[in-house]
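> With the input below, show me the fold.
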Amino acid sequence: MKQQEIEDELAEAICRFHLLVPRTKDGVLWLSEASGIFSVKSAYRFLLQDSISSSLFIEGDWVALWKIKIQDRFKLLLWRAMDAFPFKGKICALLNSLDSEASICPLCGVEVETGLHIFFRCFVARVLWGEAVWPLDAYHLQGDNIQSIIRMLSQPRRFLHIDKEMQCDFSLSAAIVVDTIWFGRNRVVHQGMDVNIRDFIIMVHRRFLEHSQTWRISAMFGCKVWCPPSCGQLKCNVDVALRGGVAVLAACFRDSGDSLCRLYTEQFPSINSLLGESSSLVAAINIASNMDWDKVDFEFDCQLLTRMVLDEDTLCGPLLLD
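Numbering: from 1, shown residues only. Sure thing, here's the model as predicted:
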């Protein structure tokens, strides 16, 4: 009886409440945005608040990292190097593994693999830093964690007093060293290859030359912004990346609304950039044909291949034959 009386009293109390705004429909609000509307920017900031590295990287540090004039992939690499890579020591700690050998650095085989060790403390990494275009004594860089060192490398003028005109070259050199270390580490772990420091040094210098020349050319001609196709048409951007005798091609189809319609990637052995570019174009054309897309604009950045396609007197030979 008492329970029934309590329920009746609650029901009467609830009924006495009046709605402040009658006939208002319920809706969904995104609390991280003042307007209540979801945005990728606000979601990124929300996730950043709980990230491991956010305690050391403040908002201004992130802005400085994203504004470096290097390839976007390198910016993402520096961010991932702080704690997003699957370092062996990190994985063993998460799994509570007691197997000490499973956490050892694959490059030196001595210390536990962490971000700070493999990129700055490992003797292989220290040799690469010392022989880079901008030589550094990585072992004695100030900072007892990788976040503070990445912060230093991404803002060389502020922390290392590098001239303003040279800070982009410095950050590019640093990013290439980090990328080469991770690339070499993966070759050892996943392909069973031996550590060849001399090859790594040559790779660092060659890639710095390629990227620095590309940036100078792009600065000379300006940056072209991607434009969507006309209504009812599709645009396909194709490209290929060569590394270590392997070509990775990608083809991306988007419509007039900039919506992704199809994405295709493929990896195959190749050391010829023209063959790789032509293979990516052939793959894109085959996809469009199989999907019955008859109105497609193809964009690629290989001038030689462009001339070969547009020039009716040029014989493409086996390059464009499927």
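
> which residues in the stretch 151-300 of the chain form strands?
All strands of the stretch 151-300 of the chain, identified by DSSP state E, counting those that start in this stretch, fall at 234-243, 246-255, 260-269, 296-299.

> I would like the residues contacting the second one, please.
I take that to be strand 246-255. 228-229, 233-241, 260-270, 275-276, 279-280, 283-284, 287-288, 293, 296 (Cβ atoms under 8 Å, 6 or more residues apart in numbering). In this view, the C-beta of every residue, glycine as well, is placed from N, C-alpha and C.

> Pull the distance from it to the chain's centre.
Here the centre of strand 246-255 is set off from its chain's centre by 16 Å, with Cα atoms, centre = their mean, to the nearest Å.

> mind listing what that strand pairs with, with the direction of each?
strand 234-243 (antiparallel), strand 260-269 (antiparallel) (DSSP bridges).

> Output the strands of the stretch 151-300 of the chain as a markdown table; include the columns mean pLDDT.
Putting these into a markdown table (pLDDT from 0 to 100) gives the following:
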| stretch | mean pLDDT |
| --- | --- |
| strand 234-243 | 86 |
| strand 246-255 | 89 |
| strand 260-269 | 88 |
| strand 296-299 | 89 |
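
> CSV for those, including distance to H161 and mean neighbour count?
Formatted as CSV, those follow (distance: least, Cβ to Cβ, whole Å; neighbours: other Cβ atoms under 10 Å):
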stretch, distance to H161, mean neighbour count
strand 234-243, 34, 19
strand 246-255, 39, 19
strand 260-269, 42, 12
strand 296-299, 42, 16
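
> Present those strands as JSON lines; the columns should include distance to G36.
Shown next, in JSON lines, are the strands of the stretch 151-300 of the chain (distance: least, Cβ to Cβ, whole Å):
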{"stretch": "strand 234-243", "distance to G36": "34"}
{"stretch": "strand 246-255", "distance to G36": "29"}
{"stretch": "strand 260-269", "distance to G36": "27"}
{"stretch": "strand 296-299", "distance to G36": "38"}
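
> Indicate which one of these is closest to A81.
Taking Cβ to Cβ, strand 234-243 is the member of the strands of the stretch 151-300 of the chain nearest to A81, at 18.3 Å.

> Can you name the residues that contact the residue lying closest to D144 once chain neighbours are set aside?
Excluding the flanking residues, the one nearest D144 by Cβ to Cβ, 6 or more residues apart in numbering is L116, at 7.9 Å. With contact taken as Cβ under 8 Å, 6+ apart, L116 is in contact with 144-146, 149.

> How about V195?
107, 124, 184, 188.

> Contacts only, for the first one.
Translated: L107. L107 makes contacts with 118, 122, 124-125, 181, 184-185, 188, 195, as judged by Cβ under 8 Å, 6+ apart.

> Which among these count as buried?
118, 122, 124-125, 181, 184-185, 188 (16 or more other Cβ atoms under 10 Å).

> Show me what counts as buried in stretch 67-87.
68, 70-71, 74-75, 77-79, 81-83, 85, 87.

> Make JSON lines from those residues and add secondary structure to it.
Compiled in JSON lines, these are given as follows (DSSP: H, G, I helix; E, B strand; the rest coil):
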{"residue": "I68", "secondary structure": "coil"}
{"residue": "I70", "secondary structure": "coil"}
{"residue": "Q71", "secondary structure": "coil"}
{"residue": "F74", "secondary structure": "helix"}
{"residue": "K75", "secondary structure": "helix"}
{"residue": "L77", "secondary structure": "helix"}
{"residue": "L78", "secondary structure": "helix"}
{"residue": "W79", "secondary structure": "helix"}
{"residue": "A81", "secondary structure": "helix"}
{"residue": "M82", "secondary structure": "helix"}
{"residue": "D83", "secondary structure": "helix"}
{"residue": "F85", "secondary structure": "coil"}
{"residue": "F87", "secondary structure": "coil"}
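
> Roughly how far does G232 sit from V238?
G232 is 21 Å from V238, where distance means Cβ to Cβ, to the nearest Å.

> same thing with W129?
Look at W129 and V238: by Cβ to Cβ, they are 36 Å apart.

> How about F74, nearest residue that isn't a chain neighbour?
A175 is the one closest to F74 (Cβ to Cβ, 6+ apart), at 3.8 Å.

> low pLDDT regions in the stretch 201-322 of the chain?
By pLDDT under 70, the low-scoring segments of the stretch 201-322 of the chain are 217-224, 271, 310-322.

> can you rerun that using 80?
Low-confidence segments of the stretch 201-322 of the chain (pLDDT under 80): 214-226, 242-245, 270-274, 301-322.

> Could you say which one of the strands of the stretch 151-300 of the chain comes nearest to L10?
strand 260-269 (52.1 Å).
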